[in-house]
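Asker: Compute the structure for the input listed below.
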Amino acid sequence: MCVLAPTRELACQIEQEADKFGRSSGIRTACCYGGAPRGAQSGALRRGAQVVVACPGRLNDFIQSRVANMQNVTYLVLDEADRMLDMGFEPQIRSIIGATPPERQTLLFTATWPKEVRSLASEFLTRPIHVQTGSVDVLTVNKDITQHVMFVRDEAEKNQQMLSIFQTLSQGDRCLIFCEMKRSCEDLATSLMQTYGVPVVRIHGDMAQYERTGALEAFKNGRSPIMVATDVAARGIDVKGITVVINYDASGSSKDYVHRIGRTGRAGCKGTAYTFLLPREEKKAQDIVQVLQRSGAIIPPELEQFVQNRRRGGGKGGKGRGKGGGKGKGGSKGGGKGGGFGKGKPGPGLP
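Answerer: Predicted coordinates:
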């Protein structure tokens, strides 16, 4: 069996789960991904493994260099197929599929169903059975996630709001903070540690694999209950106890927004998501409004006003900066505390 996954962290997570089930039966697993030495990975392949979990780039390298032989693959699994295509792995995926026997069984898992994934499925799957959970054409948010939008003037106000959110965390809670760029992820983590003494780890694509693995492990076991990350952590990573997600930098698309906040509110647990919006981010605000409408969530008045003003080319709108709360009403029309979705008590706004 060969399982393809988009990121190193997800590949390692799948390999760990496969090893749990297969170890007692003598089933050997191997995990292959970039950013780590090839020697140990190629050694595991040469010794033989019944289950190989890999990122497309590294596995394709092993196939080209004749380290990996795909002719005995009877099951091929593509996990997070849409994400792998988004990351530009289509040539490697096609090469890997081409190296496997045509009589294999192929399983394709995808959170969305865009034309690129449909094209891949129609080309490489024969008479497939299509199993659908929920809507694949409309992005919706888990009902167990309470969403908040907070308008901020600048980075300094983002930090103020973020520190206020930290004060609401209880013992055992974990908070995942998303930044758009690797540099801003690094800078924010450093600032939180050095300026505020916050126990934080960070994870992004420029880090060595051992650093990423150590950071994720510290986050999982609670030694560092706060993690700052790029979108490398938005898909597939399953860490128990994430109660809060903060979009420090608002996501670039509604799809990324849904996947980011989907790290909380998992397996029947409740979660809370906060998104910071700057005055210039009207396109991101529109994306969030669309997601909220599809999810049946109440749109804060200041967010709706902000989007309407921008559509008309009008005023600055949306200066509300407080947290809002719960699942009901709790927004004001200008400044002040609003911004929440729902009926709970509004959180403490900053002056």
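Asker: dump the residue contacts of Gly214.
Answerer: Counting by CB atoms under 8 Å, 6 or more residues apart in numbering, Gly214 touches Val201. In short, each C-beta sits where N, CA and C put it, glycine included.
Asker: That one: which element?
Answerer: Per DSSP states H and E, Gly214 falls inside helix 209-221.
Asker: Now do that helix: distance to the chain's middle.
Answerer: Its chain's C-alpha centre and that of helix 209-221 lie 16 Å apart, by CA atoms, centre = their mean, to the nearest Å.
Asker: For that helix, C-alpha coordinates in CSV please.
Answerer: Coordinates of each C-alpha in helix 209-221 appear next as CSV, following Å, rounded to 0.1, in the frame of the first residue of the first chain:
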residue,chain,number,x,y,z
GLN,A,209,12.1,18.6,9.7
TYR,A,210,13.5,17.9,13.2
GLU,A,211,12.5,21.4,14.2
ARG,A,212,9.0,21.0,12.9
THR,A,213,8.6,17.6,14.5
GLY,A,214,9.8,18.9,17.8
ALA,A,215,7.5,21.9,17.7
LEU,A,216,4.4,19.8,16.8
GLU,A,217,5.3,17.3,19.6
ALA,A,218,5.6,20.1,22.2
PHE,A,219,2.3,21.5,21.1
LYS,A,220,0.6,18.1,21.3
ASN,A,221,1.8,17.2,24.7
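Asker: Which SSE is immediately downstream of that helix?
Answerer: Next along from helix 209-221, by DSSP H and E: strand 226-229.
Asker: ok, Ala99 - how many residues close by?
Answerer: As a burial measure, Ala99 scores 17 neighbours (other CB atoms under 10 Å).
Asker: and the closest residue to it other than its chain neighbours, what does it touch?
Answerer: Distance criterion CB to CB, 6 or more residues apart in numbering; nearest residue to Ala99, sequence neighbours excluded, is Met70 at 4.1 Å. Contacts for Met70 were tallied using CB under 8 Å, 6+ apart; they are Cys2, Ile63, Ile96, Ala99, Thr100, Pro101.
Asker: so is Met70 in a helix, a strand, or just coil?
Answerer: coil (DSSP: H, G, I helix; E, B strand; the rest coil).
Asker: Can you list the low-confidence ranges for this protein?
Answerer: Applying pLDDT under 70 to the chain flags the ranges 134-138, 236, 313-351.
Asker: Show me it divided up by domain.
Answerer: 2-124, 145-311 (the TED database).
Asker: Make JSON lines out of these and add distance to Leu139.
Answerer: Listed next are the domains of the chain as JSON lines, based on distance: least, CB to CB, whole Å:
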{"stretch": "domain 2-124", "distance to Leu139": "7"}
{"stretch": "domain 145-311", "distance to Leu139": "5"}
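Asker: Excluding chain neighbours, what is closest to Ala250?
Answerer: In space, Ala250 is closest to Lys284, 4.2 Å off (CB to CB, 6+ apart).
Asker: Would you check how far apart the one you found and Tyr248 are?
Answerer: 13 Å (CB to CB, to the nearest Å).
Asker: One more: Pro199?
Answerer: 17 Å.
Asker: quick one: which of these two has more around it?
Answerer: Set Pro199 next to Tyr248 and count neighbours by other CB under 10 Å: Tyr248 wins out with 21 against 12.
Asker: backbone phi and psi for that one, please?
Answerer: Dihedral angles of Tyr248 (phi, psi; degrees, to the nearest 10) stand at phi -60, psi -50.
Asker: do you know how far the spatially most central residue of the chain is from Ala156?
Answerer: Central residue of the chain (CA atoms, centre = their mean): Ala234, 0.9 Å from the mean position. Ala234 sits at a distance of 26 Å from Ala156 (criterion: CB to CB).
Asker: same deal with Gln171?
Answerer: Gln171 is 29 Å from Ala156, by CB to CB.
Asker: again, but for Leu292
Answerer: In terms of CB to CB, Leu292 sits 27 Å off from Ala156.
Asker: and what of Leu108?
Answerer: 45 Å.
Asker: Neighbours of Gln41, how many?
Answerer: Gln41, neighbours per other CB under 10 Å, totals 23.
Asker: Checking it next. Helix, strand or coil?
Answerer: Going by three-state DSSP: Gln41 is helix.
Asker: so what's it closest to, chain neighbours aside?
Answerer: In space, Gln41 is closest to Cys32, 4.7 Å off (CB to CB, 6+ apart).
Asker: The one you found bridge partners, please.
Answerer: When bridges are called by DSSP bridges, Cys32 pairs up with Ala54.
Asker: contacting residues for it?
Answerer: So Cys32 contacts Ala11, Gln41, Leu45, Val52, Val53, Ala54, Cys55, Arg58, Leu59, Phe62, Ala68 (CB under 8 Å, 6+ apart).
Asker: Buried only: go through the residues you listed for me.
Answerer: For the contacts of Cys32, a neighbour count by 16 or more other CB atoms under 10 Å gives the buried set as Ala11, Gln41, Leu45, Val52, Val53, Ala54, Cys55, Arg58, Leu59, Phe62, Ala68.
Asker: now the residues you listed in CSV, with distance to Val117?
Answerer: Listed next are the buried ones among the contacts of Cys32 as CSV, based on distance: CB to CB, whole Å:
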residue, distance to Val117
Ala11, 19
Gln41, 28
Leu45, 28
Val52, 23
Val53, 20
Ala54, 19
Cys55, 18
Arg58, 22
Leu59, 20
Phe62, 25
Ala68, 25
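Asker: just curious, which of these is nearest to Gln147?
Answerer: Sorting the buried ones among the contacts of Cys32 by how near they are to Gln147, with CB to CB, puts Ala11 at the top with 30.0 Å.
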